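**Student:** let's see this in three dimensions:
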Amino acid sequence: MSIKHLVIIALFLIPLAACAPQSAVVQMSSDMNDLRENVKTTREVQRKLEQESVNIQKRIDALDANSRGGNDVQKALADYGVKTDQLSTDIQLLQGKLEENNFRIDELGQKLDDRGVKIAELNARIEELETKVKLLSGATGTAVTSQTATASAKQASGKTIEPTDAYRQAKSDYDKGNFELALGGFQNYVAQFPDTSQTDKAQYWVGECYYSLKDFNKSIAAFAKVITNYPKSDKIAGAKLKIGLSYLNERNPTKAKEYLHKVIKEHPGTNEAAIAKDRLAKLGK
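**Tutor:** Numbers count the residues shown, from 1 in each chain. Below you'll find the predicted structure:
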């Protein structure tokens, strides 16, 4: 109730008070006090309500801000997801290009190996020819020199197998399951071409042949040669893994775990490391 209403009531009650008994006046005075208290209480409640309304509005504004912030976060996360997908795509493309480049490098290395062998053969033929020329030139003259050169050229045409062909033949035998034949082919490759780009791989496949033949002691020795003789080979991780698996087949879990842990520690992120983790999990580490 407003003050205006109280004043009107008071003006209405004052004339009556003049003729009313004293008790009535006292009662009216009490009622007026009650009305004032009610007005005061009402105003206090109204003030509290207004303050609460302000607080509620602030909360609403905060919720709106949070909502907008949430939308911004969601948008940022969505953008991040798109960027992550794009990054994954880019990485896959780069991996594809890397694999293609590695294939071309291997192919080029094989061609260089073949040319190197051809050059070595020609140099050997030339030295042989020069030696014969020196021996025969004094007795038979230029004619004999010409004949010797022709004969040496014919011998050169009967060249040995090229490294690429030898490697492919051995690998083909392995893929067909002819492990003993493949073993001989890879061993001959290592012996005949000890310094080519494929020698480390040939030695690795010697170990794989023994492994497939279940001769695990020899497979361990063959894989160990990869690690010792070709420390920069990309077959090192595979050799360590296969040594660990060979020890498993030999029922030597202690040595097996040693090499499997080496693969995980020294070659993290590789397929070999993933296989090693799986085997260790089955062994209970």
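**Student:** where does pLDDT dip in the chain?
**Tutor:** Residue ranges of the chain with pLDDT under 70: 1-50, 52-53, 56, 59-60, 63-125, 127-130, 132-134, 137-160, 285.
**Student:** packing partners of the strand or helix carrying Leu260?
**Tutor:** Using DSSP states H and E, Leu260 sits within helix 253-266. If contacts are counted by 3 or more CB pairs under 8 Å, 6 or more residues apart in numbering; DSSP states H and E, helix 253-266 sits against helix 236-249, helix 271-283. To be clear about C-beta, it is placed using only N, CA and C from the backbone, and glycine gets the same treatment.
**Student:** include mean neighbour count when you put the ones you listed into CSV, please.
**Tutor:** Putting those into CSV (neighbours: other CB atoms under 10 Å) gives the following:
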stretch, mean neighbour count
helix 236-249, 23
helix 271-283, 15
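**Student:** for Asn252, what are phi and psi?
**Tutor:** For Asn252, the backbone dihedrals (degrees, to the nearest 10) come out as phi -120, psi 80.
**Student:** that one: neighbour count?
**Tutor:** 15 (other CB atoms under 10 Å).
**Student:** what of Asn188?
**Tutor:** By the measure other CB under 10 Å, the count of residues near Asn188 is 15.
**Student:** where's the closest residue in space to it that isn't next to it in sequence relative to Ser172, distance?
**Tutor:** If the residues on either side of it in the chain are set aside, Asn188 comes closest to Ala166, at 7.0 Å by CB to CB, 6 or more residues apart in numbering. Separation of Ala166 from Ser172 (CB to CB, to the nearest Å) stands at 11 Å.
**Student:** just to revisit the earlier point, could you dump the helices and strands packed on helix 253-266 into a markdown table and include distance to Ala222?
**Tutor:** A markdown table is the format used below for these (distance: least, CB to CB, whole Å):
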| stretch | distance to Ala222 |
| --- | --- |
| helix 236-249 | 9 |
| helix 271-283 | 17 |
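**Student:** how about those, which one is nearest Gln187?
**Tutor:** Of all those, helix 236-249 sits nearest to Gln187, with 16.3 Å by CB to CB.
**Student:** could you give the angle of the closest one to helix 253-266?
**Tutor:** In terms of direction (axes from the mean of the first three to the mean of the last three CA atoms, to 10 degrees), helix 236-249 departs from helix 253-266 by 160 degrees.
**Student:** helices of the stretch 101-250 of the chain, start to end?
**Tutor:** For the stretch 101-250 of the chain, the helices defined by DSSP state H, counting those that start in this stretch cover 142-157, 163-175, 179-192, 199-212, 216-229, 236-249.
**Student:** so the residue nearest to Asn188 makes contact with Tyr189?
**Tutor:** Yes - using CB atoms under 8 Å, Ala166 is in contact with Tyr189, at 5.1 Å.
**Student:** neighbour count: these two, which is higher?
**Tutor:** Tyr189 (25 against 22).
**Student:** and that one, how far from Tyr230?
**Tutor:** From Tyr189 to Tyr230 the distance is 14 Å (CB to CB).
**Student:** residue contacts, Trp205?
**Tutor:** Listed by CB atoms under 8 Å, 6 or more residues apart in numbering, the contact set of Trp205 reads Ala170, Lys171, Tyr174, Ala182, Phe186.
**Student:** at 7 Å instead, please
**Tutor:** Residues in contact with Trp205, defined by CB atoms under 7 Å, 6 or more residues apart in numbering, are Ala170, Lys171, Tyr174, Phe186.
**Student:** counting neighbours, what do you get for the closest residue to Tyr204 other than its chain neighbours?
**Tutor:** Nearest non-adjacent residue to Tyr204, counting by CB to CB, 6+ apart: Lys235, 4.2 Å away. Neighbourhood size, Lys235 [other CB under 10 Å]: 20.
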